[in-house]
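Undergrad: Fold the following for me, if possible:
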Amino acid sequence: LRFLPGGGALRVRDVARIESGREDTGLLSHTNAEPGISVVIRKRETADIRDAVDAVRQVVETTPLPPGVHYALVDDESFETRNRLELMANNGMIGVVLVALVLFSFLTPAAGIWVMVQIPLVFLGVVALMPRVGITLNIISLAGFVVVLGMLVDNAVVVAERITVKRQGNQGRIEAAVEGASEVARPVTAAAVTTVLAFLPMWAIGGLPGKVAWNIPAVVVLALLFALFGAFFILPSHLSGARTGGEAAPKRTFVVQLETRYRRLLGVVLHHRALVIGVALAIFLGIMLGLAPRTGFVMFPQDDSEALHIKVTTPLGTPLEQTEAVVASLERQLPDLIGKDLVAVTARVGHQETGRFSSDRERGAAENAALISALFRNVGRERTSAEWIQELEGTLVVPESVEVVYEADTIGPVHGLPVTVHVESND
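TA: Predicted coordinates:
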């Protein structure tokens, strides 16, 4: 502490007792009703979340632990990314099969094949351009790919059909490709532009939701523009070089019958234009005035989150250890009450903050406060978080002096009041 003028020194041990132990941070951590430590892994911004999670699993599984010590991996955020990639792959395969069936039924085999080729070409073009506009492959951008998947071949089908008709009229390959694409250029472009305009308002969403959701319209717009480019510049080139072995095959019989019936129906509709317009207008007004006002809008629905939180508050002045005992008793009840829907139970004794960065807290806020989190299976749950909250409110045994508040985990960006003020004190 200080050196004496006559020599010697005043040490801490001369005036105090020194003990080596754990720092009292006023914060305790539980996993599955057992005390332990929480290790929160944050990946770098440019890292692949799947590779990061796999690397963490490998390290944990290969690290020897002392007897009586075990680990539990919870809150794997890579599941959504893996699931979205799998969903896109499955939808893509199903879409390709359905598109192939339709195209080969109505168009020539050559036209059907080259229209199908547009799907991977567009995807590769968008992925190549995404880094240029600051987009990565994430849950939001993958949602944009899922949305736009069914729109990619619309323009190509129209252009290919017109070129096929020209070829069936005994025009040359190059002449048919040029005239066919030129004839539908304006309507196809107008259709693509209107679709692009329909997604542009999503860029006007302000705040944090807008910063998250802008990837969807960006991916959709890029994909539609690539599809439009491919329909007018790549597809005609392919079809003009397709070898059909002479004259193009005539239309199939059922296609001719469909066209005949369509012409008859179109003649009836055009003959009663006023009636048709009146019925369409009445349906539109009925939807806008009757159904639209009754339809609610929620940017990020919270009906089915993958976790629920139980905020536990013991009487003011309760020591941290007693609060921990109450929390442990509540934790031990959850596996029997929730059953196979439950993956893990975590708890933090000393605060009640939820959210992405609540686990980064290093010190407690109040010794009589705690937060229990029940983590559910990602898929195949028997009940939603809201339903489990209703169930626990009637079945969870809570001491009379203890107050509990149930909350479903937030889906999407944090929302609520614009400003939240927390006041903390040591006394």
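Undergrad: where in the stretch 251-400 of the chain is pLDDT low?
TA: The stretch 251-400 of the chain contains residues with pLDDT under 70 at 298-304, 356-360.
Undergrad: one more time with 80
TA: 251-252, 292, 295-305, 355-362 (pLDDT under 80).
Undergrad: Just the helices from it, written as ranges.
TA: With DSSP state H, counting those that start in this stretch, the ranges of helices along the stretch 251-400 of the chain come out as 253-271, 273-286, 320-338, 385-395.
Undergrad: Turn those into a markdown table, including mean neighbour count and distance to Lys166.
TA: Quick note: C-beta positions are derived from backbone N, CA and C, even for glycine. Converted to a markdown table, the helices of the stretch 251-400 of the chain look like this (neighbours: other CB atoms under 10 Å; distance: least, CB to CB, whole Å):
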| stretch | mean neighbour count | distance to Lys166 |
| --- | --- | --- |
| helix 253-271 | 10 | 16 |
| helix 273-286 | 10 | 30 |
| helix 320-338 | 17 | 64 |
| helix 385-395 | 15 | 58 |
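Undergrad: Out of those helices, flag the one nearest Ile139.
TA: helix 385-395 (18.9 Å; CB to CB).
Undergrad: For the closest one, name the packing helices and strands.
TA: Helix 385-395 is packed against strand 307-313, helix 320-338, strand 369-376, strand 403-408, with contacts defined by 3 or more CB pairs under 8 Å, 6 or more residues apart in numbering; DSSP states H and E.
Undergrad: Run the chain-centre distance for the second one.
TA: In other words, helix 320-338. Put simply, helix 320-338 sits 32 Å off its chain's centre (CA atoms, centre = their mean, to the nearest Å).
Undergrad: Pull it out as PDB, backbone CA atoms only.
TA: Only the C-alpha atoms of helix 320-338 are listed here, as PDB (Å, rounded to 0.1, in the frame of the first residue of the first chain):
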ATOM      1  CA  LEU A 320     -29.100 -14.200  -4.700                       C
ATOM      2  CA  GLU A 321     -28.700 -17.700  -3.400                       C
ATOM      3  CA  GLN A 322     -32.400 -17.900  -2.400                       C
ATOM      4  CA  THR A 323     -33.500 -16.600  -5.800                       C
ATOM      5  CA  GLU A 324     -31.300 -19.200  -7.400                       C
ATOM      6  CA  ALA A 325     -33.100 -22.000  -5.400                       C
ATOM      7  CA  VAL A 326     -36.500 -20.700  -6.500                       C
ATOM      8  CA  VAL A 327     -35.400 -20.600 -10.100                       C
ATOM      9  CA  ALA A 328     -33.900 -24.100  -9.900                       C
ATOM     10  CA  SER A 329     -37.200 -25.500  -8.600                       C
ATOM     11  CA  LEU A 330     -39.100 -23.900 -11.500                       C
ATOM     12  CA  GLU A 331     -36.500 -25.200 -14.000                       C
ATOM     13  CA  ARG A 332     -36.900 -28.800 -12.800                       C
ATOM     14  CA  GLN A 333     -40.600 -28.700 -13.500                       C
ATOM     15  CA  LEU A 334     -40.400 -27.600 -17.100                       C
ATOM     16  CA  PRO A 335     -39.200 -30.900 -18.700                       C
ATOM     17  CA  ASP A 336     -42.100 -32.900 -17.300                       C
ATOM     18  CA  LEU A 337     -44.600 -30.200 -18.200                       C
ATOM     19  CA  ILE A 338     -43.500 -29.400 -21.800                       C
END
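Undergrad: now that helix against strand 403-408, angle please.
TA: Relative orientation of helix 320-338 versus strand 403-408 (axes from the mean of the first three to the mean of the last three CA atoms, to 10 degrees): 50 degrees.
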